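Q: give me coordinates for this.
(2 chains)
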Amino acid sequence: MGTLVMNNRLHKEMVVAHPTAEETRMCGGCRSAEVDIDWYSVGAGEELGDRRRARLDLARAATRMFALSGMTVTADPGMPMLAVKTRTGATQMITRFNALARTTERAGKVVDPLSDAAIDAVQRWDATHG
Amino acid sequence: MVDVLIVGGFLGAGKTTWLANYLARQSQRSTTVIVNEFASTDVDGTTLGDIDVTAQLRESVSIVGGCICCERLDELRLALHAVVTTIHRLGADADHGSGDLVVIETTGLADPAPLIELLNSDRLLAVNMVLREVVVVVDAIDGIRHLQHRRLARRQVQAAGRVVVAKADLVDAEQLDVVAGTVLRINPGVPVTAAADGIESDLVVTDPGPGLLAVDDEDRDSGAAPAAVTVRIDPEVSWAEYALWLEAVTRLHPEKFLRTKGTVRTPSGPLIVQSVGSTIARPQHTTTATDTTMVLIYCGIERERVLRSLQTFVAGVSVVDRVELTPC
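A: Numbering: from 1, shown residues only, chains lettered A, B, ... in the order given. Next up is the predicted model:
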């Protein structure tokens, strides 16, 4: 996705989840195409307030999920994007749900939800944050 | 005679989407649909129920909790007997249009061969029903991978009278050629068509080539036998938590999470959410779902690990039932 200029365009792009050519890429293992759509936004609701709440929910849930890696995700109510921050403070702004996983991969902070370490980290996070 | 159509294809290939469009074109026929689900929740029945095809349906029968090609074969036999009985009871006065039709939609883990054998060997069925076609749906995106790594997927194609390459609009012509070439290598001469969003059209194969079939089966040992678990998702569950968990496990373990499907309540209403391998389909709003359950079909991983992960990362999930299966 390129840099987004207008809020209403961003709003539309987070609601509409049709893959573009550049979002269709190949799987390195099996060479099968993988379609990349922002499917989370389908359940977010249509109103601007719904989208804001969805971003806040996503930021909180992502921070909890990434507890093992120490990455945090925040959503400024006035900004239609998420800030993904590493422990050292390196920050990346993202506009799409799918970009979360790619951002953690690029940072070398992939969290596998099936691993005991990730599960334990979330349980500790819950004990601390309620 | 009652015409029978068997619809098969691997998990998430697009069988139900194709079937919904097929049924919409059968307005002149009195049709009974038998839908089989590996798990105990009839997600495909819900999907079909959301599509306006009910006017043509005489009856929709769900056989859940196992596969009709093996452990639920007797249930299928009884269901087909019931169809024959109903048609005889209605007699010649009934308006059958251009004839009665029974459509059997299998699970993605079913081998069509035992179903064909049943229709031929059962005396009541043999004299009252005729198998018109076995349609096998192959996923244009993931189909090659399944055909390379899953013996069952190849057996399905071998049994096909026609192969429909679904999601054809999501790949380019070159990929379609490779899929068609691979299908023709497994089942030479079988008619191959394409479908986009369930709407079927002729497949213009520019150069089928030899296809891809360097086989490396992942389902050859019993440790990789698929299993399913049905979970109930509390209506108050966080959509974000579920979405993040599903995105992560399907992205990191596409070979283990074969298929997930079910209904989740979200801020915009109930959604049917489905995944196959690493591909998560665009969720669809539903008006007919009465329950928020999710079916997870997985292999090569312990059930306890799946549940521990899901219940930790997504608060408000409880187990409904579990099904294990020996490979068909």
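
Q: wait, doesn't B:Leu76 sit right on B:Pro114?
A: No: under the criterion of C-beta atoms under 8 Å, B:Leu76 makes no contact with B:Pro114, lying 9.3 Å away. C-beta: built from backbone N, CA, C; applies to glycine.

Q: how many residues are close by A:Pro77?
A: 9 (other C-beta atoms under 10 Å in any protein chain shown).

Q: tell me the secondary structure at it.
A: coil (DSSP: H, G, I helix; E, B strand; the rest coil).

Q: please name the bridge partners of B:Ala134.
A: Actually, residue B:134 is Val. It isn't Ala. B:Ile6 (DSSP bridges).

Q: model confidence for it, exactly?
A: pLDDT, B:Val134: 93.

Q: what's the burial count for it?
A: Going by other C-beta under 10 Å, the residues that sit close to B:Val134 add up to 23.

Q: and for A:Leu48?
A: 12.

Q: who's more crowded, B:Leu76 and B:Pro114?
A: Each of B:Leu76 and B:Pro114 has its neighbours counted (other C-beta under 10 Å); B:Leu76 has more, 24 against 18.

Q: so who does that one touch?
A: B:34, B:36, B:63, B:68, B:104, B:115, B:118 (C-beta atoms under 8 Å, 6 or more residues apart in numbering or on different chains).

Q: buried ones in the helix or strand harbouring B:Thr86?
A: Applying DSSP states H and E as the criterion places B:Thr86 in helix B:73-90. For helix B:73-90, the neighbour count (16 or more other C-beta atoms under 10 Å in any protein chain shown) marks B:73, B:75-77, B:79-80, B:83-84, B:87 as buried.

Q: ok now that helix, how far from the chain's centre?
A: When C-alpha coordinates are averaged (C-alpha atoms, centre = their mean, to the nearest Å), helix B:73-90 and its chain have centres 22 Å apart.

Q: heading C-terminal from it, find the next helix or strand.
A: strand B:100-105.

Q: ok now that following strand, how far from the chain's centre?
A: 15 Å.

Q: angle of that strand against helix B:73-90?
A: Our comparison of strand B:100-105 with helix B:73-90, counting by axes from the mean of the first three to the mean of the last three C-alpha atoms, to 10 degrees, yields an angle of 160 degrees.

Q: contact partners of strand B:100-105?
A: B:2-7, B:15-16, B:19, B:22-23, B:26, B:29-36, B:44, B:58, B:68, B:76, B:80, B:83, B:87, B:115, B:129.

Q: who does the helix or strand just after that strand touch, helix- and strand-wise?
A: Where DSSP H and E defines the elements, the next helix or strand beyond strand B:100-105 is helix B:113-121. Counting contacts by 3 or more C-beta pairs under 8 Å, 6 or more residues apart in numbering or on different chains; DSSP states H and E, helix B:113-121 is packed against strand B:2-9, helix B:73-90, helix B:123-128, strand B:129-139.

Q: got TSV for these, with distance to A:Arg53 too?
A: What follows is the helices and strands packed on helix B:113-121, written out as TSV (distance: least, C-beta to C-beta, whole Å):
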stretch	distance to A:Arg53
strand B:2-9	39
helix B:73-90	45
helix B:123-128	55
strand B:129-139	35
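
Q: of these, which is nearest A:Thr72?
A: Closest to A:Thr72 of the helices and strands packed on helix B:113-121 is strand B:129-139 (C-beta to C-beta; 37.3 Å).

Q: and that closest one, which residues are buried?
A: So for strand B:129-139, counting by 16+ other C-beta under 10 Å, buried means B:129, B:131-132, B:134-139.

Q: now the angle from the helix holding B:Thr86 to strand B:2-9?
A: 150 degrees.

Q: mind showing which ranges of the stretch 101-250 of chain B have poor pLDDT?
A: Confidence mapping of the stretch 101-250 of chain B against pLDDT under 70 gives the ranges B:206-225.

Q: let's see that with 80 instead.
A: For the stretch 101-250 of chain B, the stretches flagged by pLDDT under 80 are B:198, B:204-226.

Q: check contacts around A:Gly45.
A: Here A:Gly45 is in contact with A:51, A:53-54, B:266-268 (C-beta under 8 Å, 6+ apart).

Q: what's the answer for A:Thr72, then?
A: Residues in contact with A:Thr72 (C-beta under 8 Å, 6+ apart) are A:63, A:66, A:84-85.
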